[in-house]
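**Q** would you be able to build a 3D model of this:
(2 chains)
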Amino acid sequence: MTTSDSKPENDKTDTSNPEAGESLDFVRAIIIEDNKTGKFDQRVHTRFPPEPNGYLHIGHAKSICLNFGIGQEFPGGQCNLRFDDTNPTKEEQEYVESIQADVKWLGFDWEDRLYFASDYFDQMYDYAEQLIMAGKAYVCELNAEETRQLRGSLFAEGQDSPHRNRSVEENLDLFRRMRAGEFEDGSRVLRAKIDMKSPNLNMRDPIMYRILTARHHRTGDKWCIYPMYDWAHGLEDSMEGITHSICTLEFENHRPLYDWFLDALGIYHPQQIEFARLNLTYTVMSKRKLLQLVTEKRVNGWDDPRMPTISGMRRRGYSPQAIRNFCKTISVNKFNSTIDIALLDHCLRDDLNKTSPRVMAVLKPLKVIIDNYPDDKIDMLEAINNPEDESAGTRLVPFTKEMYIEQDDFMEDPPKKFFRLAPGREVRLRYAYFVTCTDVVKDENGQVVELHCTYDPETRGGNAPDGRKVKATLHWVSATESVPAEVRLYDHLFTKENPDDVGEDEDFKDSLNPDSLEVLTGCRVEPILKDARVEDRVQFERLGYFCVDKDSTPEHLVFNRTVGLRDMWAKIKKAANPNPNPNPNPNQKKNKKK
RNA sequence: UACCCGAUGGUGUAAUUGGUAACACACAAGUUUUUGGUACUUGCAUUCCAGGUUCGAGUCCUGGUCGGGUAACCA
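**A** Numbers count the residues shown, from 1 in each chain, chains lettered A, B, ... in the order given. Below is the predicted model:
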């Protein structure tokens, strides 16, 4: 079994030298240009700055791979992990821990550079006083509503606050008293004095500090004023000596403000660069919406295998390598795009195919009795663990008189293109024998409940000495030697390609897929799986990639289907019979009361 | 009625200083096969539009069109 990746894997095998050719994304191109001109003295220092208010998702992985990737690719490059914890009302320690675990699991290392915005609160406060003394910030007593009014709109200029022209002394006094806790929440803010008529709303005297009587997860009750993002973020970057501050596109309009604060203070000035966030088909990617799915129990927690969270994907069976490869493939750009989830599946299969040991499991068992096989004989047959990796070796699989095969692998009245078992037909049981179906046993409802077969002892291992061929090879499991298991099958969480595309009275949750989870009990797996550990990944031959769920115990094995194998037969079936039973979703939508 | 950003196949990413539009996914067809897996082969776009500069434009210029972002005391 593959080792679970609970430890950080710092393989730098997939890193290339960005200065040595290949095609570059625009961010790396900028960095190389800056190194040429010596803008940052050849330093390359990035940071990944999550707010600890939720779990990381695949969109964050894109940012993590970008920032940490740059940190390890460039000579002397570094990347910090920094928690942007400036809003105590939303942030929690649980998230701080999960985020660190996820970044590590993805295979990245911040070494000793773990930082918190809250560690800089004192310095930020001093900078704020500096700005006040320079006449570039003032205390404003307008309430939130009034502030909004005077800010104007996209089409209308803003108007100056009546408190805009206080003296430096008065501002300093008021600001110090804000810090001292003399004022009520929301009664005053510190604002930068820029330009209420700027076409960029962010420049209309943005708020730097608000009064918030809230206990911070790290600073406790030390502060009752907290810095706003725009004020804080550039300072954090500056204090850490960041060279390239990479963020998402929606901060493009904030860059003039980022620059303004740093210039007004006259301190070290990193370069902000914006890139497009990731969108995936059949997926929602906002922390707010994911949180909603969790709190409303639409899924079973942040690490539900259907969630696009890193922890959900880990539990589902994704490998860090697959996610890194995916991020490399999608690259980074400045325009919005939606990636086909099939590309993620492909990157997943591509990695899992090379790394996952094969093993046989029967999800929907159909009993097969080999009539001419000795009653109590257990034949141990050699099976290849991974045809893609010779070093994975072989194992022995028990073969007995009573077997199980997959229900889907037998048809009493097969169509032309069905190659698998049927009455009178001979097929191969993988690594075992050729068997021929001689009899079909049905229950009172006409359901096939049992098959009788004969085997050819000459075909042990799976080859006929006379050279005869069979059209199909089936996976199987001994009825008596296999072990029971539960298997959870997953499908897209949403039925709509873009769940965010909703009409007036709709909600993104309307397109939640009612069949996104299917639990199969009574599955049977090879006995070797008794020793499997949580997060171990395997391929169930002919079915897909599976991993051991955290709910699994030696007495009750539980597997998650990470992703199915590509399935030609499913396509052929679909082509022959496009709509066997009408899609339940449209009907269900009609019946939906709203 | 503003400001900022963007536009290359169905999808996503490429294309040295302007010089044959490349790769991957998806889809389709085929070869190999003890996984209807993997691997391999083949097919699939004149680069949003209109002008212009040039021997030559996806790349440069002008004007449109379309898409995204921005009016939390969130980040």
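
**Q** any idea how far stretch A:501-513 is from the chain center?
**A** On the basis of Cα atoms, centre = their mean, to the nearest Å, the separation between the geometric centre of stretch A:501-513 and that of its chain is 22 Å.

**Q** typed the wrong thing, it's stretch A:162-171
**A** Computed by Cα atoms, centre = their mean, the separation of stretch A:162-171 from the middle of its chain amounts to 48 Å.

**Q** tell me the mean pLDDT over it?
**A** Mean pLDDT, stretch A:162-171: 97.

**Q** any buried residues in that stretch, and which?
**A** Neighbour-count burial for stretch A:162-171 flags A:His163, A:Arg166, A:Asn171 (criterion: 16 or more other Cβ atoms under 10 Å). (Glycine included, C-beta is placed from N, CA and C.)

**Q** hang on, the last one packs against A:Ala137?
**A** Yes: if you go by Cβ atoms under 8 Å, A:Asn171 and A:Ala137 touch, sitting 7.0 Å apart.

**Q** related to what we said a few turns ago, nearest to RNA strand B among the buried residues of stretch A:162-171?
**A** Here the nearest of the buried residues of stretch A:162-171 to RNA strand B, counting by Cβ to the nearest atom of the strand, is A:His163; it sits at 11.1 Å.

**Q** got the contact list for that closest one?
**A** Counting by Cβ atoms under 8 Å, 6 or more residues apart in numbering, A:His163 touches A:Tyr138, A:Val139, A:Cys140, A:Glu141, A:Leu142.

**Q** go again using 10 Å as the cut-off
**A** Contact criterion Cβ atoms under 10 Å, 6 or more residues apart in numbering gives A:Tyr138, A:Val139, A:Cys140, A:Glu141, A:Leu142, A:Glu170, A:Asn171, A:Leu174, A:Arg188, A:Val189, A:Arg191 as the residues in contact with A:His163.

**Q** what's the local residue count around the last one?
**A** What it means is A:Arg191. Counted by other Cβ atoms under 10 Å, the residues lying close to A:Arg191 total 23.

**Q** same check, this time on A:Arg533
**A** In terms of burial, A:Arg533 registers 12 neighbours under the definition other Cβ under 10 Å.

**Q** do the same with A:Ile242
**A** The criterion is other Cβ under 10 Å. On that basis, A:Ile242 has 27 neighbouring residues.

**Q** what does the stretch 151-300 of chain A put close to RNA strand B?
**A** A:151, A:153-156, A:185-189, A:199-202, A:207, A:210-212, A:226-230, A:232-233, A:249-254, A:276 (Cβ under 7 Å from any atom of the strand).

**Q** returning to what we had before: which of the contacts of A:His163 lies closest to A:Ala472?
**A** In terms of Cβ to Cβ, no member of those lies closer to A:Ala472 than A:Val189, at 72.4 Å.

**Q** any idea how far the closest one is from A:His57?
**A** According to Cβ to Cβ, to the nearest Å, A:Val189 and A:His57 sit 32 Å apart.

**Q** on that earlier part again, could you tell me which of the residues of the stretch 151-300 of chain A next to RNA strand B count as buried?
**A** The neighbour-count criterion (16+ other Cβ under 10 Å) marks A:151, A:188-189, A:202, A:207, A:210-212, A:226-228, A:230, A:232-233, A:251, A:254, A:276 among these as buried.

**Q** need the nearest residue in space to the residue in the stretch 451-594 of chain A that RNA strand B sits nearest to, chain neighbours excluded.
**A** With Cβ to the nearest atom of the strand as the measure, the residue in the stretch 451-594 of chain A that lies nearest RNA strand B is A:Gly462; the distance is 2.0 Å. Using Cβ to Cβ, 6 or more residues apart in numbering and skipping the chain neighbours, the partner closest in space to A:Gly462 is A:Arg428 (5.3 Å).

**Q** that'll do, ta.
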